[in-house]
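Chemist: Model the structure of this input:
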Amino acid sequence: MTTVSETIRAVDSQFPRDIPLQTECFRGSRLPLVVQYQGGSDVFSVSSFIKECIAEPLSRHGGVLFRGFSITSLVEFEQFVRQVTPDLLDYDFGSTPRSHLSNKIYTSTEYPAHQQIPLHNEQAYTVEWPMKIWFCCATAARQGGETPIADSRQVFSRIPRKVREKFTEKRLMYVRNYGNGLDVPWQKVFNTTDRSVVEAYCQRARITCEWKADGELRTSQVCQAVAVHPQTGDSVWFNQAHLFHVSSLEPHVLEALRIAVDEKDFPRNVYYGDGTSIDVDELNAIREVYREQTIQFPWEEGDVLLLDNMLAAHGRTPYYGERKVLVAMAEPYGEATRRSNFDTQTRAQRF
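Modeler: Coordinates of the predicted model:
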């Protein structure tokens, strides 16, 4: 793991000398690019230069950290992100508890402070995901609470070749059981209480859904293990097998779960796409690569972090004290988007 304690100045000649922005890179890593603002409180007067920081640099670095902008309120955060990504996304088919604050701005995952959230790409357990994800540190924890990140291109290249090839070929099947006090209720995951709305969503997303005898919902979906970035052409490790698999649970939690319910009713689990079990040793090898590739830096209040969700994974460390990190997502992408683009291109070619 690389812990960031020192930065080096990168070339910042793309900005006129009178613009109070500087760009830096963390030593030993291209992720993230740091954009340091030194111009007082009127951050929106340099919005065009903020957009320049994101266009090509985001694809090259995978993430941009905006520091010194003092964005700490919900309103300021929304104004900042909509300069770059005006159309934000709802958190549909989410896997973790969040609170919807306002205008498609959410809290970060609301897991207990003592828990570690492993590195992952947002919604990589499905076939449609946001291309961009924003974080804003409104309140930094007294201790811990970092949002560690990792380059998904580097993770892909360092996964053992046999594991990578096996995952790529077989793909992954995610199985989820909602509610019953064990996981997020389906009403919150799908943002509805109407079963027909859930069924329609699942049909569009090619998710198999089953209403169980107790009234709860089970879904399964076969998804990618790796993906190719649509702009850069880079192959990236893009799944949440190491997070969804029951081996990610603490041993005492897993033991209690096995006593309480059958495996088919576990809140979440993952298999190869053909339904066969994944070897825990393979998952541990993946987890080790994530540990090696983790980049960690302390939040400063007012920081805004933008990640290309395919190029960079993120997580959360345990923390003490109050912590408030806001989240927004933008630019849907995946199989449905690719099919829509293909259909549009095909129709255009006919005329």
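Chemist: So what would you say the end-to-end distance of stretch 124-131 is?
Modeler: Chord length of stretch 124-131, first to last residue, is 11 Å (CA to CA, to the nearest Å).
Chemist: as a whole number, average confidence for that stretch?
Modeler: If you average the pLDDT over stretch 124-131, you get 96.
Chemist: where are the low-confidence patches of the stretch 1-150 of the chain?
Modeler: For the stretch 1-150 of the chain, applying pLDDT under 70 flags the ranges 1-22, 25-28, 39-46.
Chemist: ok, now with 80
Modeler: 1-30, 37-55 (pLDDT under 80).
Chemist: Show me where it has its strands.
Modeler: 2-3, 7-9, 21-26, 33-37, 63-67, 100-102, 105-107, 117-120, 128-139, 143-144, 149-151 (DSSP state E, counting those that start in this stretch).
Chemist: Name the residues of the longest one that are buried.
Modeler: By neighbour count on 16 or more other CB atoms under 10 Å, the buried set for strand 128-139 is 128, 129, 130, 131, 132, 133, 134, 135, 136, 137, 138. Just so you know, the C-beta spots here come from the backbone N, C-alpha and C atoms, and that holds for glycine as well.
Chemist: how near is residue 211 to residue 217?
Modeler: Noted for residue 211: a distance of 6 Å to residue 217, by CB to CB, to the nearest Å.
Chemist: With neighbour numbers in mind, choose between those two.
Modeler: The neighbour comparison of residue 211 against residue 217 (other CB atoms under 10 Å) goes to residue 217, with 21 against 13.
Chemist: which one is that one nearest to, not counting chain neighbours?
Modeler: Nearest residue to residue 217 in three dimensions, chain neighbours excluded: residue 186, at 4.3 Å (CB to CB, 6 or more residues apart in numbering).
Chemist: The one you found: how many residues sit nearby?
Modeler: Residues lying near residue 186 (other CB under 10 Å) number 22.
Chemist: Just the pLDDT at the closest residue to residue 185 other than its chain neighbours, thanks.
Modeler: Nearest residue to residue 185, sequence neighbours excluded (CB to CB, 6+ apart): residue 179, at 4.3 Å. With respect to pLDDT, residue 179 scores 89.
Chemist: In a strand, residue 179, correct?
Modeler: No - with DSSP: H, G, I helix; E, B strand; the rest coil as the criterion, residue 179 is assigned coil and is not in a strand.
Chemist: surely it meets residue 189?
Modeler: No - Residue 179 is beyond contact range of residue 189, at 9.2 Å (criterion: CB atoms under 8 Å).
Chemist: neighbour count winner among these two?
Modeler: A direct count of neighbours by other CB under 10 Å for residue 179 and residue 189 places residue 189 higher, at 23 against 18.
Chemist: if I look at that one, how far off is residue 126?
Modeler: Where residue 126 is concerned, residue 189 sits at a distance of 11 Å (CB to CB).
Chemist: what do those two both touch?
Modeler: residue 93 (CB atoms under 8 Å, 6 or more residues apart in numbering).
Chemist: Out of the strands of the stretch 1-150 of the chain, flag the one nearest residue 260.
Modeler: strand 117-120 (23.2 Å; CB to CB).
Chemist: picking up where we left off before, was I right to think the residue nearest to residue 217 contacts residue 216?
Modeler: Yes - between residue 186 and residue 216 there is a contact under CB under 8 Å: 7.1 Å.
Chemist: what do the two both touch?
Modeler: Contacts common to residue 186 and residue 216, judged by CB under 8 Å, 6+ apart, are 178, 179.
Chemist: How about residue 132: what's its closest non-neighbour residue?
Modeler: Nearest non-adjacent residue to residue 132 (CB to CB, 6+ apart): residue 330, at 4.6 Å.
Chemist: buried sites along the helix or strand hosting the one you found?
Modeler: Here residue 330 sits within strand 324-334, counting by DSSP states H and E. Buried residues in strand 324-334, counted by 16+ other CB under 10 Å: 324, 325, 326, 327, 328, 329, 330, 331, 333, 334.
Chemist: residues touching the first one, list them.
Modeler: So the one you mean is residue 324. Contacts of residue 324 (CB under 8 Å, 6+ apart): 107, 137, 138, 139.
Chemist: redo that, cut-off 10 Å
Modeler: By CB atoms under 10 Å, 6 or more residues apart in numbering, the contact set of residue 324 is 72, 74, 107, 108, 136, 137, 138, 139, 140, 141, 145, 301.
Chemist: The fourth one now?
Modeler: If you count contacts by CB under 10 Å, 6+ apart, residue 327 has them with 77, 81, 91, 98, 101, 104-109, 122, 133-136, 147, 314.
Chemist: can you check the second one too?
Modeler: When contacts are counted by CB under 10 Å, 6+ apart, residue 325 is found next to 106-109, 135-141, 145, 147, 299, 303, 305, 316.
Chemist: That one pairs with what?
Modeler: Under DSSP bridges, the beta-bridge partners of residue 325 are residue 137.
Chemist: and the protein, what are its domains?
Modeler: Listed by automatic domain parsing, the domain ranges of the chain are 2-151+298-332, 155-287.
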